[in-house]
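> Got a predicted structure here, sequence first:
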Amino acid sequence: EAGVAQSPRYKIIEKRQSVAFWCNPISGHATLYWYQQILGQGPKLLIQFQNNGVVDDSQLPKDRFSAERLKGVDSTLKIQPAKLEDSAVYLCASSLGPGTNTYEQYFGPGTRLTVT
Amino acid sequence: DQQVKQNSPSLSVQEGRISILNCDYTNSMFDYFLWYKKYPAEGPTFLISISSIKDKNEDGRFTVFLNKSAKHLSLHIVPSQPGDSAVYFCAASAVRGAQKLVFGQGTRLTINP
């Protein structure tokens, strides 16, 4: 079974530029998550999708971050404009979803973003 | 507002001995707990979980203990092996919620030969 795919793996941009990350979840997983992991901290949830609808985006800085999940499969996360404090690893995860009696989330390798 | 805390940033254990990683939580709504393991340049991988209706769950060398009254859980690895060297995250979720996970800061475990 293929895992969660993410691209690019690494990205370096200057502040005020824009950047986009892509995620392809495990086939059949209804729920998709985007996390931000700053060095030395645990992953922090940015946004959660159930199929193509948003379940939780309470910690997403909506003035600069946006995300979409077209057709309930792939997802993109965009930052525009980027700030220095956005330097982090952006992790995508997926899970089977509610009603499946499992809370395990499966993570992709992440995208390391450096903002200079 | 750190709802899940791992107070030890690092832990060093000799190969073959027991590794004990600790985690505390503050939100009494949490009723499902997971441990993840993370190697450099990789995403976290699921290790073991426990529901609040249990106080212990075992899977091979890994055992998780839950003390609900103390809002504390621990992960025991016996015997520790060099491949166990990684960062370990505990995470918590509320069953009645949207299955959102709240992670601790992580503990870097180093197994010395």
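Received, thanks. Numbering: from 1, shown residues only, chains lettered A, B, ... in the order given.
> check contacts around the residue nearest to residue B:71 when sequence neighbours are not counted.
Excluding its sequence neighbours, the residue lying closest to residue B:71 (C-beta to C-beta, 6 or more residues apart in numbering or on different chains) is residue B:25, at 5.1 Å. Quick note: C-beta positions are derived from backbone N, CA and C, even for glycine. Remark: with contacts taken as C-beta atoms under 8 Å, 6 or more residues apart in numbering or on different chains, residue B:25 is in contact with B:3, B:4, B:5, B:33, B:71, B:72, B:73, B:92.
> how would you label residue B:83: helix, strand or coil?
helix (DSSP: H, G, I helix; E, B strand; the rest coil).
> tell me the contacts of it?
Contacts were defined as C-beta under 8 Å, 6+ apart; by that measure residue B:83 touches residue B:111.
> Let me know the pLDDT of it.
In the prediction, the pLDDT value recorded for residue B:83 is 96.
> ok so, going back, will you turn the contacts of residue B:25 into TSV that also has neighbour count, secondary structure and pLDDT?
What follows is these, written out as TSV (neighbours: other C-beta atoms under 10 Å in any protein chain shown; DSSP: H, G, I helix; E, B strand; the rest coil; pLDDT from 0 to 100):
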residue	neighbour count	secondary structure	pLDDT
B:3	14	coil	93
B:4	23	strand	96
B:5	15	strand	96
B:33	24	strand	94
B:71	17	coil	96
B:72	13	strand	97
B:73	25	strand	97
B:92	25	strand	94
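> can you tell me which of those residues lies nearest to chain A?
For chain A, the nearest member of the contacts of residue B:25 is residue B:4. The distance, counting by C-beta to the nearest C-beta, is 7.5 Å.
> beta partners for the closest one?
In this structure, residue B:4 has beta-bridge partners residue B:25, where bridges are defined by DSSP bridges.
> what's it in contact with, if anything?
The contact partners of residue B:4, by C-beta under 8 Å, 6+ apart, come to A:42, B:23, B:24, B:25, B:26, B:30, B:90, B:91, B:92, B:102, B:103, B:104.
> give me that answer again for 10 Å
Contacts were defined as C-beta atoms under 10 Å, 6 or more residues apart in numbering or on different chains; by that measure residue B:4 touches A:42, B:23-27, B:30, B:33, B:71, B:73, B:89-92, B:101-105.
> list the contacts for residue B:73?
Contact partners of residue B:73, counting by C-beta under 10 Å, 6+ apart, are B:4, B:21-25, B:30, B:33-35, B:50, B:52, B:55, B:64-67, B:90, B:92.
> Equivalent analysis for residue A:16, please.
A:80, A:81, A:82, A:83, A:115.
> What about the contacts of residue B:73, which are in strands?
Using DSSP state E, the subset of those located in strands is B:4, B:21-25, B:33-35, B:50, B:64-67, B:90, B:92.
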